[in-house]
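> Build me a structure from this.
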Amino acid sequence: MAEVKAVADVTVAPMKTKAPRKPIMSLERKKSLFGYVFVSPIILGLIAIYIPALIQSIQFSFAQSVGKYGEELSYVGWQNYDRALTVEKDFLKTVYSSTIALLPQIFIILIFAFFMANILNQNFHGRAIARVIFFIPVVMSTGIVTFFDNQATMTDTYSSGEKLNVGTETSAFNFEEIQAMLLSTLGNSGLAEIISSAISGLYTVITSSGVQMLIFLSGLQSISINMYEAAKVEGATGWEVFWKISFPMISPLILVNLLYTVIDLFTSVDNQTISYIGKYYENSATYTVASAFSWMYTLLLLLFVGVVFLLVKKLIVYQD
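Residues are numbered from 1 along each chain as shown. Sure, this is the predicted structure:
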């Protein structure tokens, strides 16, 4: 009994367990690091090239070129900006006319992109080929096509009087006849001009809506199929499903595409204002004036984007 009691009195020391090693870097931190590595070329480009160019452009806008070849700068304050407002009056007129001309194209591009995204989201034979065809402008927006656009070769060919002309010298169908037919059919010169302008802008609409279609399509594909099935069970029509489910769910993307379209069109090489400013950049003596024009146009563009954002933001439905 004494031996059993002695054994019972012996206390067993607890075993020491090693604490789990904390990971050096969490998964979320690793993903963030990979993201920074992915965008590091852009960040380096901004720091090394873009930001210094912006600072130099601001310096040019407040200076005047002096010297035999305009290689030196002399500070003149707000003289270049005053010249843009008082002397070069065609600048503001060009900004106004180009803005008015682009407003209809903005809405046409958004409507076309949204319409085509809904079609490409349906199940039909040859859907993959159709998507490739409509996304070709996005792929072709770089390289040789951009070179031709910069030379205004393609746009001038399309926008000339020979567009839509079919046949030889005695062509039975041309763009002038389309305008005359619209005027005689509608009986309203203003409405006929709007429709003919939309036809003239088909090239810009098609080549400028690829990214928007891609964004809208990704938004439509992110909507749960259960919502459509529930609406179908409840007897909702296709029109009701569109306005009650599809449109509200992708409304945030409408704002994104709207801002993207505005910036894309207002900074395009085909823009009248960009072409107007580019003429001043061709001469080293007026390079400083062109810099002032560029910054004024940039500020006006940012103001326009801000107004559009505040107006459209109230119409956006955000899903919790």
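> Where does pLDDT dip in the chain?
Applying pLDDT under 70 to the chain flags the ranges 1-25, 65-72, 137-179, 182-183, 186-201, 203, 318-320.
> which residues sit against stretch 287-295?
57-58, 60-65, 70, 73, 80-81, 83-84, 88, 91, 276-278, 280-281 (CB atoms under 8 Å, 6 or more residues apart in numbering). C-beta here means a position set from N, CA and C on the backbone, and glycine is covered the same way.
> taking the residues you listed one by one, which sit in helices?
57-58, 60-61, 80-81, 91, 276-278, 280-281 (DSSP state H).
> Please indicate which of those are buried?
Buried members of these, counted by 16 or more other CB atoms under 10 Å: 57, 60-61, 80-81, 91, 276-277, 280.
> closest to residue 259 among the ones in helices among the contacts of stretch 287-295?
Comparing those against residue 259 with CB to CB places residue 277 closest, at 22.0 Å.
> What segments of the stretch 51-200 of the chain are helices?
Assignment of helices within the stretch 51-200 of the chain using DSSP state H, counting those that start in this stretch yields the ranges 51-61, 79-82, 89-120, 127-139, 144-150, 153-159, 175-186, 189-200.
> Now do the contacts for residue 109.
Residues in contact with residue 109 (CB under 8 Å, 6+ apart) are 204-205, 208-209, 212, 261, 265.
> swap the cut-off to 6 Å and go again
Contacts for residue 109 (CB atoms under 6 Å, 6 or more residues apart in numbering) come out as 205, 208-209, 261.
> Among those residues, which pair sits farthest apart?
In those, two members sit farther apart than any others by CB to CB. They are 205 and 261, at 10.5 Å.
> out of the two, which sits in the more crowded spot?
More crowded of residue 205 and residue 261, by other CB atoms under 10 Å: residue 261, with 23 against 16.
> so the more buried one makes contact with residue 105?
No: using CB atoms under 6 Å, residue 261 is not in contact with residue 105, being 8.4 Å away.
> I'd say residue 74 and residue 62 touch.
No: applying CB under 6 Å, one finds residue 74 not in contact with residue 62, separated by 10.1 Å.
> Between these two, which is the more surrounded one?
residue 62 (18 against 10).
> Could you check how far residue 305 is from residue 293?
Residue 305 sits 18 Å away from residue 293, going by CB to CB, to the nearest Å.
> typo on my end, it should be residue 81
9 Å.
> Secondary structure class of residue 317, three-state.
coil (DSSP: H, G, I helix; E, B strand; the rest coil).
> Let me see the contact set for residue 227.
residue 245.
> same deal with residue 235?
Neighbours of residue 235 in contact, by CB under 6 Å, 6+ apart: none.
> Assign a three-state SS to it, would you?
When classified by three-state DSSP, residue 235 comes out as coil.
> Now residue 94. Nearest residue, chain neighbours left out?
Distances taken as CB to CB, 6 or more residues apart in numbering place residue 276 nearest to residue 94, at 4.7 Å, with adjacent residues excluded.
> The one you found against residue 92, yeah?
No: using CB under 6 Å, residue 276 is not in contact with residue 92, being 10.5 Å away.
> Is there a neighbour count for residue 221? I'd like the number.
Neighbourhood size, residue 221 [other CB under 10 Å]: 11.
> same question but for residue 84, I mixed them up
23.
> Report the separation between the closest residue to it other than its chain neighbours and residue 99.
Nearest non-adjacent residue to residue 84, counting by CB to CB, 6+ apart: residue 91, 5.2 Å away. According to CB to CB, residue 91 and residue 99 sit 13 Å apart.
> Kindly report the same for residue 26.
49 Å.
> what about these two, which has more around it?
Ranked by neighbour count (other CB under 10 Å), residue 26 and residue 99 place residue 99 first, with 17 against 10.
> In contact with the more buried one, which residues are there?
With contact taken as CB under 6 Å, 6+ apart, residue 99 is in contact with no other residue.
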